[in-house]
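In: Quick one, structure for this:
(one chain, ligands or ions: 1)
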Amino acid sequence: MGRVHEGFDLSGRVAVITGAGSGLGRSSAELLADAGAAVVCADISLAAAEESAAIIEAAGGRAAAVVADVADRSVHQRLVDEAVRLGGHVDVWLNSAGVMHDDKILDIPEEDLDHLIDVNLKGTLFGCQAAGRAMKDDRGGSIINMASAAMLVASPDVGGYAMTKGAIVQLTRIMALETGKFGIRVNAVAPGYVPTKMASRYFLNEDGTENPELKELVLGAIAKAAPLRRVGEVDDIGYAVLYLASPASSYVTGQILSPNGGVAMH
Ligand SMILES: NC(=O)c1ccc[n+]([C@@H]2O[C@H](COP(=O)([O-])OP(=O)(O)OC[C@H]3O[C@@H](n4cnc5c(N)ncnc54)[C@H](O)[C@@H]3O)[C@@H](O)[C@H]2O)c1
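Out: As a prediction, this is how the structure comes out:
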């Protein structure tokens, strides 16, 4: 086996991915499985989690699907248990489950704020806690949190969402500081715009169907604003997750990796 292959080989490893039923979580699940990991696909939608697990299994990988609302603290231990059942331990944990609401700061309704905090922030923290405890008592591991370019660029109308993503960055750094001595690495990925289910909100008709003309307009404008002159694809983010999950990044912790086409630089 060559050194490059070894650096990205996840054979014998077990990964838990929340929000694995769609978008960036699904791409990450597929790529980690392709690198040899067994993957626990967790999502609030059982059908979506099962679809991701089926895609992995059809490609020859190992996966389990679990329905899990990350805002519920108790589900995270169930995800640890499922990982142990699948492969004996937890080596990688990706907190990708997330939600978005669009409001100006002056208008954010409390229910939207609660939803953002419950899923994006508390959901990520609960995942970090469950993963960290399991990894500390075992052989260490890699925790990856999904932040966003929105934590760096002050974009209008997504203030509540951006606040949770900014908090995730600081959670990531402090946990990296506290758990490095246990062999636990904690990093974040801060993607730029990728047209997933969540991000397609900007080009939908009132009935929820896609508006092709609006889509072209919106994606064109976003692409034009990026130095690389394109929007992201799910695998652009999945490969960043794969790097942080792999032995190749074994000296990397407390960092924010930003696959974003250059829209934000830090
Ligand atoms: N797409 C982008 O442009 C973009 C950019 C930056 C950051 N992100 C972040 O990436 C992550 C994934 O987003 P995506 O673009 O893949 O969106 P997506 O909507 O395609 O996927 C999100 C998944 O999370 C699941 N989910 C929602 N609430 C949940 C809950 N309470 N418990 C468990 N699962 C839940 C959904 O069912 C869905 O399958 C999010 O944290 C998002 O904030 C996305």
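
In: Near the ligand, which residues of the stretch 51-200 of the chain? Just list them.
Out: 68-71, 96-99, 119, 123, 146, 148, 191, 193-194, 196-199 (CB under 6 Å from any ligand atom). In short, each C-beta sits where N, CA and C put it, glycine included.

In: Need the buried ones from those selected in ChimeraX.
Out: Here is the ChimeraX selection string for the buried members of these, based on 16 or more other CB atoms under 10 Å:
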select :68,70,71,96,97,98,99,119,123,146,148,191,193,194,196,199
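
In: can you tell me which of the residues of the stretch 51-200 of the chain next to the ligand are in helices?
Out: Judged by DSSP state H, the subset of these located in helices is G123.

In: Among the residues of the stretch 51-200 of the chain next to the ligand, name the ones in strands.
Out: Counting by DSSP state E, these place M146 in strands.

In: Excluding chain neighbours, what is closest to D236?
Out: Take D236 and drop its neighbours on the chain: the residue closest to it by CB to CB, 6 or more residues apart in numbering is P259, 4.9 Å away.

In: mind listing what that neighbour touches?
Out: P259 makes contact with V189, P191, G192, G232, D236, I237, Y239, A240, according to CB atoms under 8 Å, 6 or more residues apart in numbering.

In: try F203
Out: Contacts of F203 by CB under 8 Å, 6+ apart are E210, N211, L214, K215, L217, V218, L219.

In: Give me the buried subset of those residues.
Out: For the contacts of F203, buried by 16+ other CB under 10 Å: V218, L219.

In: what subset of the contacts of F203 is also close to the ligand?
Out: Among these, the ligand is touched by none when using CB under 6 Å from any ligand atom.

In: Just to be sure, which of the contacts of F203 are found in helices?
Out: Per DSSP H, the contacts of F203 map to helices at L214, K215, L217, V218, L219.

In: per-residue confidence for the residue nearest to D236?
Out: Here, the pLDDT recorded for P259 equals 98.

In: Now do the phi/psi pair for it.
Out: phi -80, psi 100 (degrees, to the nearest 10).

In: need the helices for this protein, in chain order.
Out: Going by DSSP H, the chain shows helices at 3-7, 23-34, 46-58, 75-87, 110-116, 123-136, 159-179, 212-224, 234-245.

In: Pick the most buried one from the ones you listed.
Out: Each of the helices of the chain was scored by mean neighbour count; the highest is helix 23-34, a mean of 26, by mean count of other CB atoms under 10 Å.

In: angle of it against helix 234-245?
Out: Helix 23-34 runs at 60 degrees relative to helix 234-245, counting by axes from the mean of the first three to the mean of the last three CA atoms, to 10 degrees.
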